[in-house]
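A.B. asks: would you be able to build a 3D model of this:
(one chain, ligands or ions: 3)
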Amino acid sequence: MQGNGAGIRISGNPQHPISRGFICLRGKNFGEIFSSPHRLRWPLLRKGSRWQEISYADALTTLADRLQRCRQQHGPESVVFYKGESLKHQEISHYMRHLAHGFGTPNYITVGSLCHFAMTLGFKLTCGGMPAADYARIKTAIIWGANPAVALARSAVALKKAVQEGMKLVVIDPSTTKTAELADCHLAITPGSDGYLALALIKFAIENRHITPGPVPGQGWDAMKGMVLAVSIPDLLHPTGIEVSRFHQAASLIFANLPGWVQTGSGLELQPNGVQTVRAIASLLTLLDPEAVTAPLALPLTALPGIDRYPAMAEPIGKAERPLFAANLGQGQGMYLPQAILSDQPYPIRALLVVGGNPLLTFPNTAMYQKAFKKLDFMAVFDLFMTPTAQQADLVFPAATFLENLELIDYGRMGQPHLGLIRPVLDSGFGWPTWKFLFRLADALGLGALLPWQDNSDALTHRLAGSGITLADLFATPSSTVGYQREKPGDGWNTPDKRVHYFSQAVEKTGNPPLPTPDSFRLPYGTDQEFPFWLSTGDRVPCYQHSQLRESPTCKATLPEPFVEMHLDAASRLGIGEGDRVRVATRDGSIDLGVSFSAEVRPDCLRLTHGWVAANANELTGLDILDSLSGFPWMRALPARIERTSG
Ligand SMILES: Nc1nc2c(c(=O)[nH]1)N[C@H]1C(S)=C(S)[C@@H](COP(=O)(O)OP(=O)(O)OC[C@H]3O[C@@H](n4cnc5c(=O)[nH]c(N)nc54)[C@H](O)[C@@H]3O)O[C@H]1N2
Ligand SMILES: Nc1nc2c(c(=O)[nH]1)N[C@H]1C(S)=C(S)[C@@H](COP(=O)(O)OP(=O)(O)OC[C@H]3O[C@@H](n4cnc5c(=O)[nH]c(N)nc54)[C@H](O)[C@@H]3O)O[C@H]1N2
Ligand SMILES: [Mo]
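C.D. replies: Ligands and ions are numbered 1, 2, ... in the order given. Below you'll find the predicted structure:
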């Protein structure tokens with residue numbers, strides 16, 4: 001790294017075993033974030049209608065005092081620790097969960113309330129987990145409701161190479177994405193109907209290829225088989241908009257090239273039928289690749305001190321409503337926070353600490369969260385910038401960027417057995433790295449024994465002891481990574497009884513259909529005359545990370561204004577032309593923004609990105625309808641309307 005933006009140049013490291021030198025637009029321009037004049041420099045304490053700059057020491061004391069006062073007055077569960085996406089799912093998560101539970105609150109809640117964990121849950125319940133891409137072995141990849149060419153550009157390098165070397169690629173996405181452009185077969189499915197397609201593929205496998213799950217067929221295979229055989233392919237395909245002949249082409253391609261692998265994405269889980277859809281897809285996967293490895297790969301680390309001595313805790317928020325989600329993730333479900341805060345049920349929630357997240361732009365129904373957060377006695381935000389979420393806080397604590405942070409990351413979770421470091425390479429002189437914030441907060445709360453380290457090097461030395469890898473090893477390699485031996489996975493699937501659960505008793509206990517039945521995919525409502533389009537909010541764009549990177553002039557220049565994308569034919573029909581302003585509305589709200597025409601979007605679809613203050617996608621999304629197993633909100637496949645407001 002040398003000096004883009006204020007003299008900093010960031011480049012990929014060809015020696016890094018995961019990135020192999022690849023760097024995305026956001027990473028390349030992060031120097032502009034590091035040196036942004038808008039970064040928070042001093043902690044800010046709300047004094048009536050204005051902010052007062054205070055010292056870091058005073059900010060820490062205030063934070064600890066307020067959290068403790070809340071615990072004393074309303075019980076430990078009245079305090080919520082929330083971790084956003086910018087802190088990823090790395091070592092820091094363990095520290096933060098540990099601090100929350102050590103403090104006595106069950107309410108450690110993360111962005112996992114609306115990211116990735118509905119998929120994880122669907123796979124876990126069915127076949128024990130999500131297998132990683134094993135390109136040496138698989139002959140077909142199905143990319144389903146995901147767009148890795150944009151959203152996981154680093155992994156797209158390996159995907160492209162596999163395609164060049166003969167692997168078949170099937171992409172299932174309403175839009176003709178950059179990933180779809182690479183595909184041998186793209187099924188531009190009607191949004192929200194993916195579960196039906198998965199069942200049609202299972203039926204095709206049984207009837208046309210005589211594929212069954214092998215000698216130990218799994219829980220409820222006969223029921224699954226009976227279910228798909230009782231419905232016709234045209235009936236299953238009807239909601240998907242896919243023609244029977246096109247389906248046969250795709251299915252023949254897939255089943256002539258086994259083993260196959262499926263990668264799912266946000267396109268599937270941010271819907272009211274998300275987990276059941278993913279369960280149908282996971283069931284299909286067991287036929288595509290009976291050898292798939294679903295056990296997670298990660299290097300065990302030394303436990304954090306005191307992990308066995310947490311105080312007795314209440315149930316986290318959302319556990320009563322979505323027990324499988326809360327139990328499997330070991331977290332509360334953040335979609336139930338507003339209701340809990342506003343009603344004091346099941347108990348009062350009075351304080352919130354937000355670390356590295358911007359929920360007032362990224363959670364559904366922004367107005368409801370605003371109202372709930374306003375009712376809190378105390379709210380603190382630890383961030384780089386004065387975000388919309390920070391603006392509503394009582395205390396804002398400046399964070400340091402990842403360029404200033406020491407952090408451990410285990411790529412095993414993504415199927416690549418390497419341990420790596422994020423190393424501090426710059427120092428802005430203001431803002432604290434996350435470990436420092438958490439360690440010093442633990443001290444200030446009188447909980448120093450939980451995170452008893454001066455700095456993260458000491459903590460990582462403790463964590464790595466006995467792993468066979470030392471911190472010095474990690475620092476010594478040019479890539480700051482060290483590979484480890486892949487644990488030999490046991491025989492069978494990674495479920496408690498090693499079998500696939502086509503039929504899930506765990507799901508049945510929650511009152512949901514134990515099989516992913518066609519009925520379980522039905523959306524509470526679909527498109528109609530009033531809301532004739534399918535809207536996808538939040539499709540990823542290369543230059544932004546959710547609400548982030550707006551402070552980078554280079555990123556901002558590539559996409560300066562929010563707009564909704566639609567097909568030209570649909571626009572012409574509605575009298576919408578180039579340069580017009582439009583209003584997009586759902587049953588939950590409306591926003592005004594620009595419009596752009598794209599042949600990538602189906603004529604009955606709309607799509608827009610999230611994270612904009614000027615046109616906040618989450619004024620269009622609601623909290624009334626949440627996935628029945630995960631509690632995930634409805635952000636894709638949303639019935640919507642568009643109209644011209646001005647030229
Ligand atoms: N540049 C950039 N990259 C990112 C991020 C970012 O903000 N910016 N965010 C990161 C994060 S946190 C995440 S979770 C990932 C998400 O990564 P992905 O899930 O891979 O990407 P998305 O663009 O969110 O959505 C994938 C696709 O879902 C499709 N889709 C919408 N509705 C449906 C449907 O009903 N059925 C089907 N089959 N497809 C549908 C959309 O057309 C879109 O192409 O991206 C990560 N990568
Ligand atoms: N409508 C709609 N909404 C969505 C989605 C969608 O597809 N559609 N996607 C959902 C998904 S998958 C996700 S993951 C969420 C993401 O939701 P959030 O986690 O809220 O994501 P960001 O907007 O990236 O917010 C991250 C915050 O962390 C700050 N930050 C960056 N680096 C650091 C750091 O090193 N330390 C600290 N302390 N702070 C830092 C940034 O300034 C920013 O304010 O959005 C969700 N919301
Ligand atoms: Mo995400």
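
A.B. asks: make sure I have this right: W261 is in a helix.
C.D. replies: No. Counting by DSSP: H, G, I helix; E, B strand; the rest coil, one finds W261 to be strand, located in no helix.

A.B. asks: that one and M130 touch, don't they?
C.D. replies: No. W261 is not in contact with M130 according to C-beta atoms under 8 Å; the separation is 9.9 Å. All C-beta spots, glycine's among them, are computed from the backbone N, C-alpha and C.

A.B. asks: gap between the closest residue to A251 other than its chain neighbours and F123?
C.D. replies: In space, and not counting its chain neighbours, A251 is closest to F204: 4.3 Å by C-beta to C-beta, 6 or more residues apart in numbering. F204 sits 21 Å away from F123, taking C-beta to C-beta, to the nearest Å as the criterion.

A.B. asks: name the SS class of the residue nearest to A251, please.
C.D. replies: Under three-state DSSP, F204 falls in the helix class.

A.B. asks: just confirm it contacts A250, I think it does.
C.D. replies: No. Counting by C-beta under 8 Å, F204 does not reach A250; the two are 9.3 Å apart.

A.B. asks: what's near enough to touch the residue nearest to A251?
C.D. replies: Residues counted as contacts of F204 (C-beta atoms under 8 Å, 6 or more residues apart in numbering) are I233, F247, H248, A251, F255.

A.B. asks: send me the helix ranked longest in the chain as CSV with only the CA atoms.
C.D. replies: In the chain, with assignment by DSSP state H, the single longest helix is helix 56-74. Included here for helix 56-74 are C-alpha records, laid out as CSV according to Å, rounded to 0.1, in the frame of the first residue of the first chain:
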residue,chain,number,x,y,z
TYR,A,56,-12.3,9.8,24.3
ALA,A,57,-11.9,9.1,28.0
ASP,A,58,-15.1,11.0,28.9
ALA,A,59,-17.0,9.4,26.1
LEU,A,60,-16.0,5.9,27.3
THR,A,61,-17.0,6.7,30.9
THR,A,62,-20.3,8.2,29.7
LEU,A,63,-21.0,5.2,27.6
ALA,A,64,-20.3,2.7,30.4
ASP,A,65,-22.3,4.7,33.0
ARG,A,66,-25.3,5.0,30.8
LEU,A,67,-25.3,1.2,30.0
GLN,A,68,-24.9,0.3,33.6
ARG,A,69,-27.6,2.7,34.7
CYS,A,70,-29.9,1.1,32.3
ARG,A,71,-29.0,-2.4,33.5
GLN,A,72,-29.6,-1.3,37.1
GLN,A,73,-33.0,0.3,36.4
HIS,A,74,-34.5,-2.0,33.8
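
A.B. asks: which elements pack onto it?
C.D. replies: Applying 3 or more C-beta pairs under 8 Å, 6 or more residues apart in numbering; DSSP states H and E, one finds that helix 56-74 contacts strand 44-47, strand 79-83, strand 351-355, strand 378-383, strand 395-398, helix 434-444.

A.B. asks: near ligand 2 at all, it?
C.D. replies: No. Against ligand 2, helix 56-74 shows no contacts by C-beta under 6 Å from any ligand atom, the least distance being 13.5 Å.

A.B. asks: my read: Y82 touches G357, true?
C.D. replies: Yes. Y82 lies in contact with G357 (C-beta under 8 Å); the separation is 6.1 Å.

A.B. asks: and the residue nearest to L87 when sequence neighbours are not counted, what does it touch?
C.D. replies: Spatial nearest neighbour of L87, chain neighbours left out: G356 (4.2 Å); criterion: C-beta to C-beta, 6+ apart. By C-beta under 8 Å, 6+ apart, the contact set of G356 is K83, G84, E85, S86, L87, F382, D383, A399, T434.
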